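Peer 1: Could you work out the structure for the sequence below:
(2 chains)
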Amino acid sequence: MAKLHIWHRYVGITTALFVIVLALTGLALNFTDRLQLDQTHLANSWLLDHYNIGDFPVVSFRAGPHIVSQASEYVYLDGEYKLNMLQELVGAVELNKELLLASDASLLFINTDGEIIEEIGTYSGLPEKPLGISITAEGHPVIRGINTYWKGSKELSAWRPLRGPHPKWSAPISTPGNLDTKIQEHARGHEINLERVFLDLHSGRLLGRWGQHIMSAAAVLMLVLAITGTVMWWRK
Amino acid sequence: MVALLMRIVIVFIALIWLGQISAKGVYQEPDSFISQAFNGATPEPSRVLLKGDVKKQIKEILGHRYKSIRIPYWREGNKTVWILERIGKELPITAGFVITDDKIENFRVLVFRESRGWEIRNDFFTRQFDGGHLVKKNKLDRKIDNITGATLSVNAMKKLSRMALYLHQHVISE
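Peer 2: Modelled structure (predicted):
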């Protein structure tokens, strides 16, 4: 009995730290939404390197006086983050002082504050998914389809096959160095949120395979504690 | 005995895997949903601008601004069709609503991009909205049952249904 008691004490002290970590992270994860863990991003460079979050390819297009860029799922206007876009940006033009972004799924008509005025997809009038975008001298948008070029009305409500000379398509430009740095900083800083860190801390994955093994060992020790505790209580 | 246990584990893993495959994706293309609502004769889309009181009411319903300022819709008499999006937890869920005479005639989850909460696409969930209409303060006339583990997706759909009903009332009364 005394031997079991000693075992129980040593196992207890060994697992104490793990119990605290598991309990705290578990509690926090149960209240993810209320604590906004998924909305809180970590930009710590050690953590980013630890997660192997490297630089993102930045694609930029000139649209009138602006430079529209995309890195990961983030869209930037002159280096300032404006909105999220899951699809790949294939071009951008200025239209009536606003911006028309072409993704490989739809057109996004936005103002310079990054507010979406309208998303135009194939279900809402767009004849095809765009492969590229251009603007005519008269200010009509043109999208490149697989076999057809489509000229849109200025209100973006009607599209007809384009007749006449080929337009000059919006093409990627090299992102100016200062914008690239700013964009990278933002994109990298938004890849990891507290929820993921807490989940990885809870499972031990934060420390790689060894972390998982340690947490698994801690779980086994906790089972031992439960068993030895019950046995001691039973025998008393 | 061990072989039986192994079999059970394999079937269990396969079921989880199959569940994951079917979880995300396009359940119905928006064009097909709209076309179905009008029996193949889809009218030209109209657009509603979210400004003034409409913008305020939508913000009240959703708890935040809608993602765009202009929303397309399709109308024939007292029937309107809306394709709306709202983020469940991290990614937007696309839903289609057919509203006739101020009541939900049909609601479907069209595109689901999240990794959790996909159960909302099932008929047992969407059927609850059939015939739903707005009562005081733009609330739904009924209680929609939650799905454990899909609370955010369920909430997103409840809010979008209220938004679709409100927008329907607005464009019909104009």
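
Peer 1: Do you know the pLDDT at the residue lying closest to residue B:153 once chain neighbours are set aside?
Peer 2: Nearest residue to residue B:153 in three dimensions, chain neighbours excluded: residue B:117, at 3.3 Å (C-beta to C-beta, 6 or more residues apart in numbering or on different chains). Every residue, glycine included, has its C-beta placed from N, CA and C. Per-residue confidence at residue B:117 stands at 84 (pLDDT).

Peer 1: Give the full set of residues in contact with residue B:117.
Peer 2: Taking C-beta atoms under 8 Å, 6 or more residues apart in numbering or on different chains, we find residue B:117 in contact with B:88, B:89, B:147, B:149, B:150, B:151, B:152, B:153, B:154.

Peer 1: Close to chain B: what parts of chain A are there?
Peer 2: Within chain A, the positions adjacent to chain B are A:33, A:38, A:86, A:109, A:115-125, A:157 by C-beta under 8 Å from any C-beta of the partner chain.

Peer 1: redo that, cut-off 6 Å
Peer 2: Counting by C-beta under 6 Å from any C-beta of the partner chain, chain A comes close to chain B at A:116, A:117, A:118, A:119, A:123, A:124, A:125.

Peer 1: Poorly predicted segments of chain B, please.
Peer 2: B:1-24 (pLDDT under 70).

Peer 1: Go through the stretch of helix or strand residue A:16 belongs to and flag the buried ones.
Peer 2: Per DSSP states H and E: residue A:16 is located in helix A:2-30. Neighbour-count burial for helix A:2-30 flags A:8, A:11, A:12, A:15, A:18, A:21, A:22, A:25, A:28, A:29 (criterion: 16 or more other C-beta atoms under 10 Å in any protein chain shown).

Peer 1: Would you quantify the distance from residue A:56 to residue A:114?
Peer 2: Distance from residue A:56 to residue A:114, counting by C-beta to C-beta, to the nearest Å: 19 Å.

Peer 1: and chain B, which residues reach chain A?
Peer 2: Residues of chain B found near chain A (C-beta under 6 Å from any C-beta) are B:30, B:31, B:45, B:67, B:68, B:69, B:70, B:72.

Peer 1: Can I have the buried ones of these as a ChimeraX selection?
Peer 2: Remark: buried members of the residues of chain B next to chain A, expressed as a ChimeraX selection using 16+ other C-beta under 10 Å:
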select /B:30,45,67,68,69,70,72
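
Peer 1: Which members of the residues of chain B next to chain A occur in helices, if any?
Peer 2: Counted as lying in helices by DSSP state H, out of these, are B:30, B:31.

Peer 1: Spatially, which two of the residues of chain B next to chain A are the most separated?
Peer 2: B:31 and B:69 (22.7 Å; C-beta to C-beta).

Peer 1: check contacts around residue 132.
Peer 2: Picking chain A for this. Residue A:132 sits next to A:90, A:91, A:144, A:169 when contact means C-beta atoms under 6 Å, 6 or more residues apart in numbering or on different chains.

Peer 1: could you do chain B instead?
Peer 2: Contacts of residue B:132 (C-beta under 6 Å, 6+ apart): B:104, B:140, B:142.

Peer 1: Closest to chain A out of those?
Peer 2: Taking C-beta to the nearest C-beta as the measure, chain A lies nearest residue B:104 of those, at 19.5 Å.

Peer 1: Let's verify that closest one: helix, strand, or coil?
Peer 2: strand (DSSP: H, G, I helix; E, B strand; the rest coil).

Peer 1: Please apply the same query to the one 5 residues further on.
Peer 2: At residue B:109 the chain is in strand, as set by three-state DSSP.

Peer 1: Apart from its chain neighbours, what residue comes closest to it?
Peer 2: Leaving aside its sequence neighbours, residue B:109 sits nearest to residue B:121 (C-beta to C-beta, 6+ apart; 4.2 Å).

Peer 1: I am finished for the moment; much appreciated.
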